[in-house]
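**Student:** need a 3D model of the sequence below.
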Amino acid sequence: MIDWIQKIKTNENEALREIYHLMRHDSIVWLQKEFGLTADDAMDIFQMSVIALYDNVTTGRLSILTSTLQTYLYSIARHKAMEHLRAQKKYVDVDSVQRIIIDLSDTSDYTHREVQLTLACRSLEDLGEPCQSLLIHYYYQDKSMDEITDIMGYKNTDTTKNQKYKCLKRLQNIYFGHIQKSLEY
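**Tutor:** Coordinates of the predicted model:
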């Protein structure tokens, strides 16, 4: 196993070139899939993440790597992607979705509620499978994680929970994309 910290300290150019070539493709694909980024934005975030890794090593903030290099780099990339999406107002956390659900139950503004509900339904349709089925099983049919694991054929409940989280995140991004489009008209 390569000691990346030591390698960066002793031969930073070679180490960074190796890291760049080893991790670039998978990182960009992951950033695009996980956060819905363009290829250019994913590339920028990957490059900023490698620079942050380098800075953390050279300043002494990172002296021992307690995870794989990929896990550490993805952690930096995740943080930078979230910052990027927040700056573009495209990232929404789970609390925002809960606020939407509360808003939907408020009957004081029927038209507003109807528009939100229409956008939510369209977003769920756009989500596609298997996410659509997973979220319907969980939120509409009140099935347990164990039941969903069996129905969907996932390895275990942790895998199901992870998939549910990813699906919910994708649904949020789709929903807020629809809201953004509706505001542009």
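
**Student:** and the helices in this structure?
**Tutor:** 4-10, 12-35, 39-58, 69-87, 94-105, 110-127, 131-135, 145-152, 157-184 (DSSP state H).

**Student:** want to throw these into TSV with mean pLDDT?
**Tutor:** As requested, the helices of the chain are arranged in TSV below (pLDDT from 0 to 100):
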stretch	mean pLDDT
helix 4-10	89
helix 12-35	91
helix 39-58	92
helix 69-87	86
helix 94-105	48
helix 110-127	71
helix 131-135	87
helix 145-152	91
helix 157-184	82
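
**Student:** in a markdown table: these, plus mean neighbour count.
**Tutor:** Quick note: C-beta positions are derived from backbone N, CA and C, even for glycine. Rendered in a markdown table, the data for the helices of the chain read as follows (neighbours: other CB atoms under 10 Å):
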| stretch | mean neighbour count |
| --- | --- |
| helix 4-10 | 15 |
| helix 12-35 | 16 |
| helix 39-58 | 18 |
| helix 69-87 | 17 |
| helix 94-105 | 12 |
| helix 110-127 | 14 |
| helix 131-135 | 18 |
| helix 145-152 | 16 |
| helix 157-184 | 16 |
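
**Student:** show me the domain layout of the chain.
**Tutor:** For the chain, the structural domains run 4-87, 94-184, going by automatic domain parsing.

**Student:** what about the shortest one, start to end distance?
**Tutor:** Distances were taken as CA to CA, to the nearest Å; on that basis the terminal residues of domain 4-87 are 32 Å apart.

**Student:** show me what contacts Ser144?
**Tutor:** Not one residue lies near Ser144 by CB atoms under 8 Å, 6 or more residues apart in numbering.

**Student:** got phi/psi on it?
**Tutor:** phi -80, psi 170 (degrees, to the nearest 10).

**Student:** and stretch 59-71, C-alpha only, in CSV?
**Tutor:** Once non-C-alpha atoms are left out, stretch 59-71 reads as follows in CSV (Å, rounded to 0.1, in the frame of the first residue of the first chain):
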residue,chain,number,x,y,z
THR,A,59,0.5,22.4,5.9
GLY,A,60,0.5,19.5,8.3
ARG,A,61,-3.3,19.3,8.6
LEU,A,62,-3.1,15.8,7.2
SER,A,63,-0.3,13.7,8.5
ILE,A,64,-1.9,10.3,8.7
LEU,A,65,-4.4,9.0,6.2
THR,A,66,-7.0,7.0,8.2
SER,A,67,-9.0,6.0,5.2
THR,A,68,-8.2,5.2,1.6
LEU,A,69,-7.0,8.0,-0.5
GLN,A,70,-10.1,7.8,-2.7
THR,A,71,-12.4,8.1,0.4
